[in-house]
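Asks: below is the sequence, then the predicted model.
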Amino acid sequence: MKINKFEELDCWKEARVLNNLVYELIKDRKFSFDRRLCDQITGTSISVMNNIAEGFGSQANNEFIRFLQFSRRSVSELQSCLYVALDQQYIPADKFNSAFEQSVKVIKMIDGFLRYLRSYKLTKLRT
């Protein structure tokens, strides 16, 4: 199956779900008072999606791999922000768990895609 646009990528779709979860979290009044954390967590959430899209737009596997790695790092940063929000009691444990589980899902999908792109690259080099 050929993918023609980044919106068709499963990892981007799941990153979008994660982004929407993050935006729901910051709507909470207690959370919204911490502007620094709100900016940080939304920035990393957006970065996850944007790096997948930008990597796809590069139309080169090496560049795509590089941007997927950036995206993966942003998910890790987002996870750290979720812990801060939980520790400061901005979000309840169930919302933390939901967002964290979605972030793990996104990382696994990015990792799988990275493995695919790297193996595809090696296969092309050997032929």
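Replies: That came in fine, so what should we check first?

Asks: can you give me the buried ones in stretch 104-114?
Replies: When neighbours are counted by 16 or more other C-beta atoms under 10 Å, the buried residues of stretch 104-114 are found to be Lys105, Val106, Ile107, Met109, Ile110, Phe113, Leu114. Any C-beta I mention is one placed from the backbone N, CA and C, and that applies to glycine too.

Asks: again, but for stretch 50-63
Replies: Residues Asn50, Asn51, Ile52, Ala53, Glu54, Gly55, Phe56 are the ones in stretch 50-63 that count as buried (16+ other C-beta under 10 Å).

Asks: so what does the strand or helix carrying the fifth one touch, helix or strand wise?
Replies: Take DSSP states H and E as the rule and Glu54 turns out to sit in helix 35-58. Counting contacts by 3 or more C-beta pairs under 8 Å, 6 or more residues apart in numbering; DSSP states H and E, helix 35-58 is packed against helix 10-25, helix 29-32, helix 61-87.

Asks: can I get the first one in CSV, CA atoms only?
Replies: Extracted in CSV, the C-alpha atoms of helix 10-25 (Å, rounded to 0.1, in the frame of the first residue of the first chain):
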residue,chain,number,x,y,z
ASP,A,10,-0.9,5.5,11.5
CYS,A,11,1.8,7.1,13.7
TRP,A,12,0.7,10.6,12.7
LYS,A,13,-3.0,9.7,13.4
GLU,A,14,-2.1,8.4,16.9
ALA,A,15,0.0,11.4,17.5
ARG,A,16,-3.0,13.5,16.7
VAL,A,17,-5.1,11.6,19.2
LEU,A,18,-2.3,12.3,21.8
ASN,A,19,-2.3,16.0,20.9
ASN,A,20,-6.1,16.2,21.4
LEU,A,21,-5.7,14.5,24.8
VAL,A,22,-3.1,17.0,25.8
TYR,A,23,-5.3,19.9,24.8
GLU,A,24,-8.2,18.4,26.9
LEU,A,25,-5.8,18.3,29.9
